[in-house]
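In: here is my input, please return the structure:
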Amino acid sequence: MSSVSKSAAAVPEHKSTAKAQAFRRGILYALPDWVMIIVLFFVPIVLLVIMACSRWSLLGGNRGTNFPDNFTKVFEHKLFWPSIGFTLEYTVIVTIFLLVLGLGMALIVQESSKWNNVLRTCFLLPSATGLASASLLFYALYSPQVGPVTKILSSLGLMQEGGSVLATGQSALWATIIVIVWRFSGYYMLLMMIGLQAIPGDLYEAARMDGAGTWRIFRSITLPLMKPTIVMCLVYCVTGSILAFDQFFILTKGGPNNSTMTVVQLIYNFAFDSKKDLGMAAALSLIVLIALVIINSIQMRGMRDNTK
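Out: Residues are numbered from 1 along each chain as shown. Predicted coordinates for the structure are as follows:
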């Protein structure tokens, strides 16, 4: 009788030991990820907040706290609001073009066939090019000296001979948008195509048997079921557009007359160009980070509401 009671008492003790060992193994497996998150995410954010609240020059280092002077200087800077307006304008235009073109191209090539496979390859090829490389390529194409674009537009009477596509703010904006659409439309096509292939084919067959046309099928089946994918692409596109830097730095450097100055370019100018003030750059970076968190939270909430 005593041996039976001892063995019964040993079973819970064995289970608790096994649970403790499993818990320790789980902690060990998760430890590298937590270390990377802390080192690469939390530590930079803490450093960013400290810099934003300090008098921190590029060469002089930290010279003490000056909160909220950096934020006041940022808001009062003459290029702050124009850069926000230009960044939002660029974001809206690029987002519309990329989402519409990405979905349209995905609808064209969603069926697997010989010619569709060729089209997929052609659409995806620009995505293999780095953004800086694509910007340099189009910078050469837009060049009045060596590029063909200026000569073609001049021959069509759309611009003066010897002029530059990047000479005015609006033309520079649209020239940059063309680069981004060429570079990223294939990538968004791929994301949209994955969403389209997840829609059951039985729904389309049932709709056709009920006499639904192409537009009705798209409006009633494809678009509603594609909402999670579209919202995900929206998050990617808005975030990437707000953080735009490479293409404008290479093509326009914020010109002409700061008319294509984005928020991230302004951060760069604060830190390394005109101000050499890391405190102001950190303050503006913190403002952009908070704005991105709010915008992405709204978008993700919209995605959750659409999937209910």
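In: and the residue lying closest to Ala244 once chain neighbours are set aside, how far from Ile38?
Out: Excluding the flanking residues, the one nearest Ala244 by C-beta to C-beta, 6 or more residues apart in numbering is Thr262, at 5.2 Å. For glycine as for every other residue, the C-beta is placed from the backbone atoms N, C-alpha and C. Between Thr262 and Ile38 the computed distance is 30 Å (C-beta to C-beta, to the nearest Å).
In: neighbour-wise, which of these two wins?
Out: Each of Thr262 and Ile38 has its neighbours counted (other C-beta atoms under 10 Å); Thr262 has more, 25 against 11.
In: how about the contacts made by that one?
Out: 83, 86-87, 90, 244-245, 248, 254 (C-beta atoms under 8 Å, 6 or more residues apart in numbering).
In: if I look at the residue nearest to Ala244, how far off is Glu111?
Out: 39 Å.
In: quick check: mean pLDDT across stretch 262-279?
Out: On average, the pLDDT along stretch 262-279 is 90.
In: got any ranges where this protein has weak pLDDT?
Out: For the chain, the stretches with pLDDT under 70 are 1-15, 112, 302-308.
In: and Thr239, how many residues sit next to it?
Out: Neighbours around Thr239, by other C-beta under 10 Å: 14.
In: got the contacts of Thr262 as TSV, with neighbour count columns?
Out: Output for those, formatted as TSV (neighbours: other C-beta atoms under 10 Å):
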residue	neighbour count
Ser83	23
Phe86	24
Thr87	23
Tyr90	21
Ala244	22
Phe245	14
Phe248	24
Gly254	21
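In: show me where the stretch 101-250 of the chain has helices.
Out: 114-124, 131-142, 148-155, 169-197, 201-209, 214-217, 223-225, 227-242, 246-251 (DSSP state H, counting those that start in this stretch).
In: so which of the ones you listed gets nearest Leu47?
Out: Distance to Leu47, taken as C-beta to C-beta, is lowest for helix 227-242 among those, at 21.7 Å.
In: what's the angle from that closest one to helix 131-142?
Out: Using axes from the mean of the first three to the mean of the last three C-alpha atoms, to 10 degrees, the inter-axis angle of helix 227-242 relative to helix 131-142 is 70 degrees.
In: which positions in helix 227-242 come out as buried?
Out: 229-238, 240-242 (16 or more other C-beta atoms under 10 Å).
In: and stretch 92-101, by the same measure?
Out: Within stretch 92-101, the residues scored as buried using 16+ other C-beta under 10 Å are 93-95, 97-99, 101.
In: over to stretch 113-122?
Out: Applying 16+ other C-beta under 10 Å to stretch 113-122 flags Arg120 as buried.
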